[in-house]
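Colleague: dropping the sequence and predicted coords here.
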Amino acid sequence: MSIDSGIVGGNEVNCHLSEKIGRDMISKMMGKNFEDVKFKRKGKVVTLASINSSVKIGSQYVVVDGGHLLHKIVWRKQATFGAIADRYVQYLNNKYGQDIAVIFYGYPDDDKNSTINCERLRRAAHSSPDVMFHEETVLQYTKEKLLANECNKKRFIELLKTASQKANICVQQAVEDANLTIVNTAISVAPQYDYVRVIGEDIDLLLLLTAIGIDTQ
């Protein structure tokens with residue numbers, strides 16, 4: 001087995017016997033003319049590099065915090081919102097593959113009773129006007145200014161959800177705060193995969209994974 005690559009050779013790999021094989025080949029050459037020297041393929045040294053091998057990598061599922069995802073792509077000036085959404089989809093596919101779920105936080109109807117209403121009120125001081133846009137609309141604001149308005153953010157998340165679902169990416173929207181939904185999703189798929197990764201920056205994710213994960217196991 002190669003320590004560097006993890007490739008495991010079969011019975012045909014015999015490089016560990018190269019000295020013995022070399023001596024046998026030399027002994028067969030003794031007393032023969034050059035043109036009479038021939039070696040069979042099965043008598044040669046076979047290394048890991050000379051065979052077609054594949055590395056088996058454990059199956060993996062990735063659960064991504066949608067709020068964290070929004071910050072990962074730079075919004076280019078004069079790009080359409082559809083093109084921006086497509087860049088997010090491309091980012092997800094290239095970085096995490098096909099077995100993936102993206103969880104966005106929700107917007108409860110009774111926002112006054114929301115546990116994250118204070119955070120929304122804090123951001124409202126820097127809010128931009130409501131902007132009506134669709135896939136073909138050209139971006140006129142910076143990402144930070146546009147998403148500071150909760151209505152704009154909700155509208156863009158809906159657009160991004162549609163683009164992601166068209167690419168067969170699983171997208172969910174939590175009732176409100178996404179952290180619990182992210183953790184429950186990760187735990188629910190864990191028996192089907194060798195590894196489950198949770199992608200996000202909120203410390204609550206770690207706390208919930210520690211608490212709920214231990215109880216589940």
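Modeller: Looks like it arrived, so ask away. Just so we're clear, the structure is a prediction, and the values are computed from it rather than from any experiment.

Colleague: ok, and the closest non-adjacent residue to the spatially most central residue of the chain?
Modeller: Nearest to the geometric centre of the chain sits Y96, at 1.7 Å (C-alpha atoms, centre = their mean). For Y96, ignoring the flanking residues on the chain, the nearest one in space by C-beta to C-beta, 6 or more residues apart in numbering is V62 at 4.3 Å. C-beta: built from backbone N, CA, C; applies to glycine.

Colleague: now the helices for the chain?
Modeller: Assigned by DSSP state H, the helices in the chain fall at 18-29, 66-70, 81-96, 117-124, 143-147, 150-166, 179-189, 203-216.

Colleague: can you pull the contacts of the residue nearest to Y96?
Modeller: 96-97, 99-101, 196-199 (C-beta atoms under 8 Å, 6 or more residues apart in numbering).

Colleague: which one of those is nearest to P129?
Modeller: The shortest gap between P129 and any of the contacts of V62 belongs to I199, at 31.8 Å (C-beta to C-beta).

Colleague: what's around the nearest residue to the closest one once chain neighbours are set aside, how many residues?
Modeller: Once flanking residues are discounted, I199 sits nearest to V64: 4.5 Å by C-beta to C-beta, 6+ apart. Residues near V64, counting by other C-beta atoms under 10 Å, number 23.

Colleague: show me what contacts V64?
Modeller: 92, 96, 100-103, 199-200.

Colleague: over to A186?
Modeller: Here A186 is in contact with 61, 63, 196, 198, 209 (C-beta under 8 Å, 6+ apart).

Colleague: may I ask which two of those residues are separated the most?
Modeller: Y61 and L209 (14.2 Å).

Colleague: neighbour count winner among these two?
Modeller: It is Y61, of Y61 and L209, that has more neighbours when counted by other C-beta under 10 Å, with 23 against 18.

Colleague: give the contact list for R76.
Modeller: 83-84, 139.

Colleague: could I get the pLDDT score of the nearest residue to H68 once chain neighbours are set aside?
Modeller: Spatially, and ignoring its direct neighbours in sequence, H68 is nearest to G200 (4.6 Å; C-beta to C-beta, 6+ apart). On pLDDT, G200 comes in at 93.

Colleague: so what does G200 have for phi and psi?
Modeller: Backbone geometry at G200, expressed as degrees, to the nearest 10, gives phi 180, psi 170.

Colleague: for burial, what's the neighbour tally of it?
Modeller: Considering only other C-beta under 10 Å, G200 is surrounded by 20 other residues.

Colleague: same check, this time on I203
Modeller: With other C-beta under 10 Å as criterion, I203 counts 9.

Colleague: measure it to R87 for me?
Modeller: 28 Å (C-beta to C-beta, to the nearest Å).

Colleague: residues in contact with the residue nearest to R87 when sequence neighbours are not counted?
Modeller: Spatially, and ignoring its direct neighbours in sequence, R87 is nearest to I73 (5.2 Å; C-beta to C-beta, 6+ apart). Shown in contact with I73 (C-beta under 8 Å, 6+ apart): 84, 87-88, 91.
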